[in-house]
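J.: Fold the stuff below for me.
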Amino acid sequence: MSARQAPCLVSACLAGRPCRYDGRAAPHPEVMEWLARGLALPVCPEELGGLPSPRPPCELRSGRIVDALGNDHTEAFVSGCKLGLEAALAAGCREAVLKARSPSCGVGEIYDGAFSRRLTKGNGLFAQALMNVGISVRRDEDV
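T.: Numbers count the residues shown, from 1 in each chain. Model prediction:
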């Protein structure tokens, strides 16, 4: 009897769930194939934190998550990150493929917090939480 392969954690929007800030999905062909084969664990930390879809766009600014109207959503993002991390660890995930540039899932670069469409070096809260426990993280654009 062989051990079951641990799923790859994926941003739920990449798996076809309409959970992005704009209420849309961003289906990724490989992620969709993994999902069909039972090899992907879709997670949206923003939904897990109680945020609706659609919602105002959010960016990371000085350690806080704020929307374009200036409302602070840090608690919801942190809560969702904790729940997503618990799900990843419970499923035995060792790798993740996340949506690029998101304040939750961005890897290596995220929007600058000024809603200027400019990018800055850094990771989203969820991406960083996964890295902190040794889960390998890649951007959807690199798959």
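
J.: contacts and neighbour counts: CA atoms only from here.
T.: Fine.

J.: quick one, what contacts the residue sitting nearest the centre point of the chain?
T.: Ranked by distance to the mean C-alpha position of the chain (CA atoms, centre = their mean), the top residue is residue 105 at 3.3 Å. Neighbouring residues of residue 105 by CA atoms under 8 Å, 6 or more residues apart in numbering: 11, 98-99, 123-127.

J.: how close does it get to residue 5?
T.: Look at residue 105 and residue 5: by CA to CA, to the nearest Å, they are 23 Å apart.

J.: And for residue 32?
T.: Residue 32 is 17 Å from residue 5, by CA to CA.

J.: Just want to know which of those two has more residues nearby.
T.: residue 32 (17 against 10; other CA atoms under 10 Å).

J.: so what's the more buried one closest to, chain neighbours aside?
T.: Nearest-residue entry for residue 32: residue 15, 5.4 Å, with adjacent residues in sequence omitted and distances by CA to CA, 6 or more residues apart in numbering.

J.: now residue 60, nearest residue through space, not along the chain?
T.: Leaving aside its sequence neighbours, residue 60 sits nearest to residue 113 (CA to CA, 6+ apart; 5.1 Å).
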